[in-house]
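Asks: Structure here, sequence nowhere to be found:
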């Protein structure tokens, strides 16, 4: 039987909570390795005061929930993922970036409307100097992953999986955004984020909810 929207959301919430817990486990193990015996290959080599997380789709939703669940997360990025979990209502208090595909502008799609509402709910609660919402013109959901290169581009475009922007260029722009965001909020490098980006990458659009 087909699940109702409410049942789908409940299952998604449980899955995101599980993925967030798995991420915490990995970070716990990294902490253990950093504090291992003096001859350990990772001992005192990990900067656990500069932990960032990013993910695509459900991975992006996990990034938002993990930053909500674990104070060791100093900054995060949700790449075209519809948020799920308690973060939607509780919000975030640390630097966070939403990067969405341009086809999210189609508010006639109920799924798009729900995703945008959840993003706005989180975004508006983040301190103004620590939040950002960007989109890349000409992108679809799979422009942010290697799926855009592995699948037939003509069929992918017909199915609405990728947008008209060149696949490799879309990935290059995405990489540029991720690098500068973490350089700014984790490595504390001086930059005009996202101003420097939008000047050199004209496909980037700053969303003003």
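Replies: Right, received. Where do you want to start? All values reported here derive from a predicted model rather than from experimental measurement.
Asks: Show me where this structure dips below the pLDDT cut-off.
Replies: Along the chain, the parts satisfying pLDDT under 70 run over 1-3, 104-108.
Asks: at 90 instead, please
Replies: Along the chain, the parts satisfying pLDDT under 90 run over 1-9, 36-40, 102-115, 147-148, 150-161, 188-193, 195-200, 208-209.
Asks: how about the helices of it, start to end?
Replies: Along the chain, the stretches classed as helices by DSSP state H are 5-34, 58-69, 87-90, 110-123, 147-150, 153-158, 167-185, 195-200.
Asks: Ranking those by mean neighbour count, which comes first?
Replies: helix 58-69 (a mean of 25; mean count of other CB atoms under 10 Å). Every residue, glycine included, has its C-beta placed from N, CA and C.
Asks: need the helices of the chain in a markdown table with distance to residue 44, can you?
Replies: Formatted as a markdown table, these follow (distance: least, CB to CB, whole Å):
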| stretch | distance to residue 44 |
| --- | --- |
| helix 5-34 | 6 |
| helix 58-69 | 24 |
| helix 87-90 | 32 |
| helix 110-123 | 35 |
| helix 147-150 | 38 |
| helix 153-158 | 45 |
| helix 167-185 | 21 |
| helix 195-200 | 33 |
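Asks: Any idea which of those gets closest to residue 79?
Replies: helix 58-69 (4.7 Å; CB to CB).
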